[in-house]
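> could you look at this predicted model? Sequence included:
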Amino acid sequence: MIEIERKWLVSKLPDLKWIKQKSYKRYFLFIGKTVEVRIQKVDSKYIFEVKEENNKLSSIKHVLKISKKVFEELKKTCNKFIVRDSYVIQQKPEISVKIYHRDFKGLIRVEAEFNSEIEANEFKPLSWFGTEITHTKLGKDKELVKLNKSDFNLLLKKYS
């Protein structure tokens, strides 16, 4: 599956109370320069993913459903993880708000997923979007988990 997306901070959070929340617990098994291997629990589903960066806007994801038992065993090997909630605001393009918890509390990110890079490049951010962070450490979970608390807070302040 090809994923083409851009990301922003949220300047004014839309009303989310009527939108179904999905809870994510994402654990990183391996983080390379252009490849990441991760497992995640999304609500009650367990997933194994390999994500390869294709270029600055797109990546290729290989996704496999796994059992809770496999998830729990693999999780024991991870020390880097992310906990966040996701709210899909609209389809075409899909726009979702990601609210981070625990070590990354304070990060509220909006993501837009596109069908093509042309569509992504032509997209005009909505009025409630803040600073674009697509190509920053705040825009990629695999980079986010490498940050210590101080560096995270400095970056969040810099782009807010």
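Great, that's in hand.
> report the contact partners of Ile2.
54, 58-61 (CB atoms under 8 Å, 6 or more residues apart in numbering). C-beta: built from backbone N, CA, C; applies to glycine.
> how near is it to Tyr87?
As judged by CB to CB, to the nearest Å, Ile2 and Tyr87 stand 23 Å apart.
> spit out the contact partners of the most centrally placed residue in the chain.
With distances taken as CA atoms, centre = their mean, the chain has Asp141 as the residue nearest its mean C-alpha position (5.6 Å). Contacts of Asp141 were listed using CB under 8 Å, 6+ apart, and they are 26, 82.
> please redo it, this time with the cut-off set to 10 Å
24, 26, 28, 31, 36, 38, 40, 51, 80-82, 84, 98, 100, 104, 109 (CB atoms under 10 Å, 6 or more residues apart in numbering).
> counting neighbours, what do you get for Glu72?
13 (other CB atoms under 10 Å).
> err, Leu144, not the other one
21.
> one step back: kindly indicate which of the contacts of Asp141 lies nearest Glu117.
Closest to Glu117 out of the contacts of Asp141 is Lys51 (17.1 Å), distances taken as CB to CB.
> pretty sure the closest one is touching Leu29, no?
No - counting by CB atoms under 10 Å, Lys51 stays clear of Leu29, with 11.5 Å between them.
> of those two, which one has the most company?
Remark: of Lys51 and Leu29, Lys51 carries more neighbours, 20 against 16, as counted by other CB under 10 Å.
> the more buried one and Ile19, how far apart?
When Lys51 is compared with Ile19 (using CB to CB), they lie 25 Å apart.
> what about the strands in this structure?
Here the chain has its strands, by DSSP state E, at 2-10, 21-31, 35-42, 45-53, 58-65, 81-90, 94-100, 108-114, 129-132.
> can you tell me how far the residue of the chain positioned farthest from its centre sits from Lys75?
Within the chain, the residue lying farthest from the chain centre (CA atoms, centre = their mean) is Lys69, at 24.3 Å. Counting by CB to CB, the gap from Lys69 to Lys75 is 11 Å.
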